[in-house]
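Q: return a 3D structure for these sequence lines:
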Amino acid sequence: MLKGAIARRYAGAMFGLAIKQNTLDRTRDDVREMGELFALRKLAYLLREPKIPTKRKETALRQALEDKVLPTSLNLALLVVQRELVDIMPNIAREFEQMVLDYRNEAIAQVTTAAQLDGAQKTTVKQALEKLTNKKILMETRVDPSILGGVVARVGDQIIDGSVRQRLSALQQQLLTNVASADIDFLPEDISKSLESAPGTAQPAYPS
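A: Purely as a prediction, here's the structure:
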């Protein structure tokens, strides 16, 4: 069975238990922490190594997790080690996270802008993305001056590119495509106006 399918099966089992026991938020934190823990090279080597006794692996896990996570979460960690599935624990954590988001009709949006957004701008972008996706948006923001202005948002596999850099690229492609056409009819000020519509836009200089 493919790793992705195995990870989804284990994540689904944990998700069902968390819903039944009303521990969804706590389990989410536990599984996230275990995914990060199992990704540590030193621990992953210890848990994978067939020459190390299972009892020693179990002891190491209990020392790392027993006082921090729910019993069901610890049982998941122990089961993953027993079945030699150490490498897929981070995948289980990602699958579980996505199940929680889907259950709550939420989505994580990674939003990139050329300059830091203020509170009002964040609210505007968040509302626009919620309208577009019909989901409650959890925003993660970062600044990248190279996009020049506007907003680039990634929601799952969907990318919404409203950057000035993308608009310039599209404009350049249009100019190259239509350069031999006698039907071209646009004014430089029209180009300028289209770029001004992006908040925080740094206007590039155009040759006259």
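
Q: low-confidence ranges in this structure?
A: Within the chain, the segments meeting pLDDT under 70 span 1, 178-208.

Q: only alpha carbons, please: show the biggest helix by length in it as CSV.
A: As assigned by DSSP state H, the longest helix anywhere in the chain is helix 3-21. Listed next in CSV are the C-alpha coordinates belonging to helix 3-21 (Å, rounded to 0.1, in the frame of the first residue of the first chain):
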residue,chain,number,x,y,z
LYS,A,3,2.6,5.6,2.0
GLY,A,4,-0.1,8.3,1.4
ALA,A,5,-2.9,5.7,1.7
ILE,A,6,-1.4,4.3,4.9
ALA,A,7,-1.0,7.8,6.4
ARG,A,8,-4.6,8.6,5.6
ARG,A,9,-5.9,5.4,7.2
TYR,A,10,-4.0,6.0,10.4
ALA,A,11,-5.0,9.7,10.5
GLY,A,12,-8.6,8.8,9.8
ALA,A,13,-8.6,6.3,12.7
MET,A,14,-7.2,9.0,15.1
PHE,A,15,-9.7,11.6,13.7
GLY,A,16,-12.6,9.3,14.4
LEU,A,17,-11.4,8.7,18.0
ALA,A,18,-10.9,12.4,18.6
ILE,A,19,-14.4,13.2,17.4
LYS,A,20,-15.9,10.5,19.6
GLN,A,21,-13.9,11.5,22.7
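
Q: so for whichever helix or strand comes after it, what gets flagged as buried?
A: Per DSSP states H and E, helix 3-21 leads on to helix 24-38 as the next helix or strand towards the C-terminus. In terms of neighbour count (16 or more other CB atoms under 10 Å), helix 24-38 has its buried residues at L24, T27, R28, D30, V31, R32, E33, M34, G35, L37, F38. Any C-beta I mention is one placed from the backbone N, CA and C, and that applies to glycine too.

Q: over to stretch 109-118?
A: A109, V111, T112, T113, A114, L117.
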